[in-house]
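>>> here you go, sequence then predicted model.
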Amino acid sequence: MKYKRFLTVFFISLVILTLLSYVSIKEGTIPIKDEQLKKYLLEGTSGNPIIDKIIGKLRLPRTVGAIIVGMGIAVAGILMQGYFRNPLADPYLMGVASGASLGVVLYIFTSLLFNLGFPRSLYGFILAAYIGSLITMFVVINIARVVKQTATLLISGIMIGAIASGFTTIVVYTADFLGEERSELSGYLMWGMGSVNNLTWDQIRIMTSLIIPVVILSYILLSKKLDANLLGEMYAQSVGVDIKSLRRWLIVLSCILTATVVAFTGPIAFVGMVCPIISRMVVGTSKHLYVIPTTALLGSIFVLLADILTRPGVLIPTSSNNLPLLCPLSIIGAPIAILIYLKIRRMGI
């Protein structure tokens, strides 16, 4: 019965994702007609070189990037929830995404300051983000060992994220003395609120090569172990789960996913928390064999929908600028976070 429900939800999610992808390619400052898009998809050209460039170099990378980003950050959220056994655990709320952002900004700043000549290295972005996310994750883990209450852990994560964001802003503004022509940090305030509108095919290829294997690895290796861990450490150990090994995997894989996303798009808020919760609700089970793929699809849907809403003239009819992803994601995610917290408080956790 659960399997049939999962297949139904999975199929409906795929249909919604396909429709949103179609809308995403069409919508923008310059609208694209159905005939032009169909011709481009079938023949490789719309017949108009300007439209071809808009689709091939702007809309398609943005759409594919949003799908990959949403998948990665949503699965990172479910791994973090598995580690903390807390539905409010999320790369953004726990401060891990902000730590990754600080790592990227420091990487660019130091390379410019000391004339190291590699501020545009894509792998450097990822490595710096991974180090930043890992350091922040260990800080949160050590706090979690001392603090058992959900509210205190959540507040601690938010404060750590705020500290990292504060330092990020300081570094960005300090970069002014390097000279405007040398500063690679001028657009990072917008980036710090999440954005997929500047993704290139090279960046998407790197993200895909890291995120897809990690998602598949998490699904194959960790699904049953996460199910056992939900029932408590004692039960998990009784059925042969190595808790220390499981925790190491959860830390490493969630940080890789978060760092890869943040390195190119900035922090993506609330998706890692909201999507696993909705996935469990619609599938009707907490079995990760069903929850992980559904969460990945819902993550793609959420980020793609949010990206469409941020485009000029969608949310604000008179606007000619792209909004950051933080705007629609916070409006959707924050109320859900409040409801979950109130439910946890009623349970006395």
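Yes, it's here.
>>> measure how buried residue 170 is and give me the count.
Residue 170 has 12 neighbours, counted by other Cβ atoms under 10 Å. Glycine gets a C-beta too; all of them are placed from N, C-alpha and C.
>>> ignore what I typed, I meant residue 53.
Neighbours of residue 53 using other Cβ under 10 Å come to 11.
>>> what's the answer for residue 29, then?
Using other Cβ under 10 Å, residue 29 has 11 other residues around it.
>>> what residue of the chain is the furthest out?
Going by Cα atoms, centre = their mean, the residue of the chain most distant from its centre is residue 47, 35.7 Å out.
>>> so who does that residue touch?
Residue 47 sits next to 36, 39 when contact means Cβ atoms under 8 Å, 6 or more residues apart in numbering.
>>> low-confidence stretches in the stretch 151-300 of the chain?
Within the stretch 151-300 of the chain, the ranges that satisfy pLDDT under 70 run 151, 175-190.
>>> just the helices in it please.
188-191, 201-230, 233-238, 243-265, 271-283, 288-309 (DSSP state H, counting those that start in this stretch).
>>> buried ones in the fifth one?
This means helix 271-283. Of the residues in helix 271-283, 271-280, 282-283 count as buried by neighbour count, 16 or more other Cβ atoms under 10 Å.
>>> got the residues you listed as TSV, with distance to residue 311 columns?
TSV is the format used below for the buried residues of helix 271-283 (distance: Cβ to Cβ, whole Å):
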residue	distance to residue 311
271	18
272	23
273	24
274	21
275	22
276	27
277	27
278	24
279	27
280	31
282	27
283	31
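>>> and of these, the nearest to residue 259?
Distance to residue 259, by Cβ to Cβ, is smallest for residue 272 among these, at 13.1 Å.
>>> quick revisit: just so I know, which of the helices of the stretch 151-300 of the chain lies nearest residue 326?
Residue 326 sits nearest to helix 288-309 of all the helices of the stretch 151-300 of the chain, at 9.0 Å, using Cβ to Cβ.
>>> packing partners of the very next helix or strand once past the closest one?
Per DSSP states H and E, the first helix or strand lying C-terminal to helix 288-309 is helix 326-346. Counting contacts by 3 or more Cβ pairs under 8 Å, 6 or more residues apart in numbering; DSSP states H and E, helix 326-346 packs against helix 150-174, helix 271-283, helix 288-309.
>>> tell me which of these sits nearest to residue 74.
Closest approach to residue 74 among those is made by helix 288-309 (2.5 Å; Cβ to Cβ).
>>> packing partners for that closest one?
Here helix 288-309 touches helix 2-26, helix 60-84, helix 201-230, helix 271-283, helix 326-346, going by 3+ Cβ pairs under 8 Å, 6+ apart.
>>> need the residues that contact the first one.
Just to be clear, that refers to helix 2-26. With Cβ under 8 Å, 6+ apart as the test, helix 2-26 has contacts from 32, 34, 37, 55, 59-60, 62-63, 66-67, 282-285, 287, 290, 293-294, 297-298, 300-301, 304-305, 307-308.
>>> the shortest one now?
Outside of helix 271-283, the residues within contact range by Cβ under 8 Å, 6+ apart are 2, 5-6, 9, 70, 73-74, 76-78, 80-81, 87-93, 258, 286, 290-291, 294-295, 298-299, 302-303, 329, 332-333, 336-337, 340.
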